[in-house]
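Peer 1: sequence and predicted structure below; questions after.
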Amino acid sequence: MFQIGIIGCGKIAQVRHLPEYAAHPQAKLAGYYDINTVRAMELSSRYGGTVYESYQSLLADPAIDAVSVCSANVTHAEIAIAALKAGKHVLCEKPMATTLEDCQAMVDTARACGRFLMVGHNQRLAKAHIKARDLIRQGVIGRVLTFRTIFAHSGPENWAIDGKQTWFFDKKSAMLGAMADLGIHKTDLIQYLTGQKVKEVQAFVSTIDKRGPDGMLVGVDDNAICIFKMDGGAVGTMTASWTNYGSEENSTVLYGTDGVMRLYADPNYSMVVESRDGQRTFYEIDQIQTNDHQTKSGVIDLFMESLINGTQPEISGEDALSAMKAVFAAMESAKTGKTMTVES
């Protein structure tokens, strides 16, 4: 049985981490910290465990084996590094951190301390994405030439506990907006599906609609549109948006030399593969998670599997670092208006 601590008790902890740990036979929710003590106490009364006065006091408890870091973006690196140094395994919410230097420091610390660092990139755990990767490797659509991938919804204020007061809109807490909230998912996913890394980025990243309670545009981006050139030759677009005021969109289309693969782009089928001769194969595998329809993500099970078996998690910090490099390159491209090469 592994004793789990939760640092940050907001919406993502409440809809994903806590219920999925509670359902796992080898996990015991043992500790909580949140800047809102009442919130932490409510979760403690529901799931059991101790509320700590600081994240440092939680990490100082030798009974805690591992922690989920579900706090504001800007605190990820500080808390994760402290947890690793305290001998805890760490599952960190995305984005991994808000600077490339902090991301690298997290990876280096995990390695130096002999502890596991996993980042919650749940898109690659969706069943249709797993199946799609296998089919792409088998050459079902030939060599991937181009792609488009999009994640768009109405914004975190319609999902987060604090509404328009959410830290997602506060640059000091979030640093990054839709690009790091949604764009990191699709960046990681396209690398996972194609087996190629982002090599070059040209990006538009801006705030065009989201406003805070004061009526002013928020300090972080609400839209990002990127052109990715992959190291295997594929080229495509990645769109992340907080200004989709209709049905949530979370789809990917890959165009290959021998056909087209559509993932979560059809309301009835999670994957549709069309060959060059027009033959179509329809797959009913699952439905993608939405903010309104949360399903089991697989993230906690994968993290727990790592702890139980003593093996590096599939979505390690080092693996997640690759996608973060592309995100930071996109931000720099948007700032300078230049095409940026992604650090290898």
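Peer 2: Looks like it came in fine. Numbering: from 1, shown residues only.
Peer 1: where along the protein do the helices fall?
Peer 2: Along the chain, counting by DSSP state H, helices occupy 11-12, 18-22, 37-47, 55-59, 76-85, 100-113, 127-137, 171-174, 178, 184-194, 299-309, 317-336.
Peer 1: got a markdown table for those helices, with distance to residue 343, mean pLDDT and mean neighbour count too?
Peer 2: Any C-beta I mention is one placed from the backbone N, CA and C, and that applies to glycine too. As requested, the helices of the chain are arranged in a markdown table below (distance: least, Cβ to Cβ, whole Å; pLDDT from 0 to 100; neighbours: other Cβ atoms under 10 Å):
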| stretch | distance to residue 343 | mean pLDDT | mean neighbour count |
| --- | --- | --- | --- |
| helix 11-12 | 28 | 94 | 19 |
| helix 18-22 | 33 | 97 | 19 |
| helix 37-47 | 38 | 97 | 16 |
| helix 55-59 | 30 | 98 | 19 |
| helix 76-85 | 18 | 98 | 23 |
| helix 100-113 | 8 | 98 | 18 |
| helix 127-137 | 25 | 98 | 17 |
| helix 171-174 | 23 | 93 | 16 |
| helix 178 | 22 | 98 | 28 |
| helix 184-194 | 14 | 98 | 25 |
| helix 299-309 | 26 | 97 | 19 |
| helix 317-336 | 5 | 96 | 22 |
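Peer 1: what's the closest of the ones you listed to residue 269?
Peer 2: Among these, helix 127-137 comes nearest to residue 269, with 8.9 Å by Cβ to Cβ.
Peer 1: what stretches of the stretch 201-344 of the chain score poorly on pLDDT?
Peer 2: 289-295 (pLDDT under 70).
Peer 1: just the strands in it please.
Peer 2: Using DSSP state E, counting those that start in this stretch, the strands assigned to the stretch 201-344 of the chain run over residues 223-230, 235-241, 249-256, 259-263, 271-275, 280-283, 340-341.
Peer 1: quick revisit: so can I have TSV of the helices of the chain showing distance to residue 202?
Peer 2: Output for these, formatted as TSV (distance: least, Cβ to Cβ, whole Å):
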stretch	distance to residue 202
helix 11-12	31
helix 18-22	37
helix 37-47	41
helix 55-59	39
helix 76-85	27
helix 100-113	19
helix 127-137	24
helix 171-174	24
helix 178	17
helix 184-194	14
helix 299-309	31
helix 317-336	6
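Peer 1: now the strands of the stretch 201-344 of the chain as a markdown table including mean neighbour count?
Peer 2: Converted to a markdown table, those look like this (neighbours: other Cβ atoms under 10 Å):
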| stretch | mean neighbour count |
| --- | --- |
| strand 223-230 | 22 |
| strand 235-241 | 22 |
| strand 249-256 | 20 |
| strand 259-263 | 21 |
| strand 271-275 | 18 |
| strand 280-283 | 14 |
| strand 340-341 | 16 |
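Peer 1: one step back: what's the closest of the helices of the chain to residue 207?
Peer 2: helix 178 (9.1 Å).
Peer 1: show residues contacting the closest one.
Peer 2: Applying Cβ atoms under 8 Å, 6 or more residues apart in numbering, the contact partners of helix 178 are 220-224, 240-242.
Peer 1: make a markdown table out of these and add distance to residue 251.
Peer 2: What follows is these, written out as a markdown table (distance: Cβ to Cβ, whole Å):
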| residue | distance to residue 251 |
| --- | --- |
| 220 | 24 |
| 221 | 21 |
| 222 | 20 |
| 223 | 17 |
| 224 | 16 |
| 240 | 13 |
| 241 | 13 |
| 242 | 17 |
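Peer 1: can you name the two of those that sit furthest apart?
Peer 2: 220 and 241, at 13.1 Å, using Cβ to Cβ across the contacts of helix 178.
Peer 1: ok, which of the helices of the chain comes nearest residue 154?
Peer 2: helix 178 (11.4 Å).
Peer 1: from residue 149, how far off is residue 20?
Peer 2: 25 Å (Cβ to Cβ, to the nearest Å).
Peer 1: now swap in residue 143 and tell me
Peer 2: For residue 143, the distance to residue 149 - Cβ to Cβ - is 18 Å.
Peer 1: tell me which of those two has more neighbours.
Peer 2: residue 149 (25 against 13; other Cβ atoms under 10 Å).
Peer 1: look up how far residue 51 lies from the more buried one.
Peer 2: 40 Å.
Peer 1: what do you get for residue 200?
Peer 2: The spacing between residue 200 and residue 51, counted by Cβ to Cβ, is 47 Å.
Peer 1: swap in residue 231?
Peer 2: 47 Å.
Peer 1: state the phi and psi torsions of residue 99.
Peer 2: phi -140, psi 150 (degrees, to the nearest 10).
Peer 1: and it, what does it touch?
Peer 2: Residue 99 neighbours (Cβ under 8 Å, 6+ apart): 77, 328.
Peer 1: surely residue 318 and residue 109 touch.
Peer 2: No: counting by Cβ atoms under 8 Å, residue 318 stays clear of residue 109, with 11.7 Å between them.
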